[in-house]
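[1] Structure, please.
(one chain, ligands or ions: 3)
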Amino acid sequence: MTVSSAPGKVYLFGEHAVVYGEPAVPCAVERRATVSVEPREDDHIRVEARDLSLDGFTVEYAGSTGDHPDVNVPTPLVEAAIGYIDAAVEQALDAAGESDVGFDITVESDIPLGAGLGSSAAVVVAGIDAATRALGVELDAEEIADRAYRAEYAVQDGQASRADTFCSTMGGAVRVEGDDCRTLDTPNLPFVVGFDGGAGDTGALVAGVRDLRERYGFAADTVDTIGDIVREGEELLSEADPESDPDESLLVELGNLMNFNHGLLEALGVSSRSLDNMVWAARTAGAHGAKLTGAGGGGCIVALDPTPETQTGLRFTPGCEDVFRAELATEGVRAEAEHDDASTGETAE
Ligand SMILES: Nc1ncnc2c1ncn2[C@@H]1O[C@H](COP(=O)(O)OP(=O)(O)OP(=O)(O)O)[C@@H](O)[C@H]1O
Ligand SMILES: C[C@@](O)(CCO)CC(=O)[O-]
Ligand SMILES: [Mg+2]
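    Ligands and ions are numbered 1, 2, ... in the order given. Purely as a prediction, here's the structure:
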């Protein structure tokens, strides 16, 4: 059995606009998806998902071209989950020059689904790494990132940037603009995440922004302006010393840019009442800045605050179900030691 894990991410700036070629700066955070893979004798795929927004499920079906069976949980969720795993398996088989190899796959993740923390990218990145290594092939990080992007692109009907998958593969802070993907040396930023317990539909939200952008020149300008915010933000980051804690003036300026970025995302229709509530609660509690992260619609906000005040404020905010400090994950995708729990094949409760 091979086991790999990959981190989720928050967007310091630039989600949505990155789909249209503007730069974005996502940062990997220490919440990981772990995927265990064991090749089988036949060409069946058995997926055990332990951390979906239900009590987990196990499903077995014949190869990536076979019919997916009925299972006793909401089908769209299962289909969505199988979609990402299938796409990862397809990329791994292609990389290894194999076909008709089946796998037993277990996914365990502490990244909430559809909440803006990049759970899909982490599952795909860790899945491709574990499955290729199970077939005796070691891909370099660039190729894992590229194949993971192609997997997300396929599942999301051509509506994906390279940002989430590159960030999850490399770890740390990264900068993505079209096909140009780079790692950044940044100080460790004091991220606080608030989660409303909900989720957004990434495909629908991206499509909504695309429609607005095609319909109104000012919506297209809004997307361009998000790009300007990112460029301003990277300038600030490039002047900071990555080895020391960020000073207050940097946090104030980054926070202002985050606030501006949130306002423009709200104008583009991808925020929600509970995301706005959490953003305002974080600002009122003293955060330097706060914005939604990821596709939006529901899920998570990210705030900047080195003190405990924002966490305390969010904890008392109606509609905020979970609050945590999100440490920058310096390591991206990595091989993990096989552990007993993942090899039992039993579905967790
Ligand atoms: N633990 C898991 N097990 C199986 N599939 C998962 C798991 N976590 C995520 N996925 C897949 O990823 C999908 C969620 O991806 P989606 O892009 O909508 O949200 P996200 O990646 O969490 O947020 P965002 O893209 O806004 O950062 C789920 O519907 C599921 O298909
Ligand atoms: C909304 C979006 O910009 C980020 C989702 O995490 C979509 C993408 O970049 O693929
Ligand atoms: Mg995603």
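
[2] Hmm, residue 277 is touching residue 316, no?
    No: applying C-beta atoms under 8 Å as the test, residue 277 and residue 316 come out as separate, 11.8 Å apart. (Each C-beta comes from the backbone N, C-alpha and C, glycine too.)

[3] So those two - more neighbours on which side?
    residue 277 (18 against 10; other C-beta atoms under 10 Å).

[4] got the contact list for the more buried one?
    Residue 277 sits next to 317, 318, 319, 320 when contact means C-beta atoms under 8 Å, 6 or more residues apart in numbering.

[5] 7 Å instead?
    317, 319 (C-beta atoms under 7 Å, 6 or more residues apart in numbering).

[6] Specify the local secondary structure of it.
    Recorded secondary structure, residue 277: helix (DSSP: H, G, I helix; E, B strand; the rest coil).

[7] Can you tell me the SS state at the residue in the stretch 51-200 of the chain that ligand 2 sits nearest to?
    Nearest residue of the stretch 51-200 of the chain to ligand 2 (C-beta to the nearest ligand atom) works out as residue 161 at 3.4 Å. Following three-state DSSP, we place residue 161 in the coil state.

[8] how far away is residue 301 from residue 315?
    Note on residue 301: its distance to residue 315, by C-beta to C-beta, to the nearest Å, is 14 Å.

[9] Those two: who's more crowded?
    For residue 301 versus residue 315, neighbours defined as other C-beta under 10 Å are more numerous around residue 301 (33 against 14).

[10] pLDDT averaged over the helix or strand containing that one, what's the number?
    In the assignment (DSSP states H and E), residue 301 maps to strand 300-304. For strand 300-304, the mean per-residue pLDDT is 98.

[11] quick one: the strands in the stretch 201-349 of the chain?
    289-292, 300-304, 322-326, 334-336 (DSSP state E, counting those that start in this stretch).

[12] So which of the ones you listed is nearest ligand 1?
    strand 300-304 (8.5 Å).

[13] Confirm for me that residue 262 is in contact with residue 289.
    No: Residue 262 sits out of contact with residue 289 when judged by C-beta atoms under 7 Å, with a separation of 8.1 Å.

[14] May I have the predicted confidence score for the residue of the stretch 1-150 of the chain at minimum distance from ligand 2?
    The minimum distance from the stretch 1-150 of the chain to ligand 2, using C-beta to the nearest ligand atom, falls at residue 15 (3.9 Å). In this model, residue 15 is scored at 98, pLDDT.

[15] what residues does the chain put near ligand 1?
    Selection of the chain residues close to ligand 1 by C-beta under 6 Å from any ligand atom yields 33, 49, 51-52, 80-81, 84, 107, 109, 113-121, 123, 164, 202, 294-295.

[16] before we move on, the earlier item: so who does the residue of the stretch 1-150 of the chain closest to ligand 2 touch?
    Applying C-beta under 7 Å, 6+ apart to residue 15 gives the contacts 24, 293, 294, 295.

[17] How much space separates it from residue 264?
    From residue 15 to residue 264 the distance is 11 Å (C-beta to C-beta).

[18] residues contacting the closest residue to residue 256 other than its chain neighbours?
    Distance criterion C-beta to C-beta, 6 or more residues apart in numbering; nearest residue to residue 256, sequence neighbours excluded, is residue 289 at 6.2 Å. Contacts for residue 289 (C-beta under 7 Å, 6+ apart) come out as 254, 255, 256, 257, 258, 259, 303, 304.

[19] neighbour-wise, which of the residues you listed leads?
    residue 303 (32 neighbours).

[20] Quick check: buried residues in stretch 157-166?
    159, 160, 161, 162, 163, 164, 165, 166 (16 or more other C-beta atoms under 10 Å).

[21] now swap in stretch 274-286 and tell me
    Neighbour-count burial for stretch 274-286 flags 274, 275, 277, 278, 279, 281, 282, 283, 285 (criterion: 16+ other C-beta under 10 Å).
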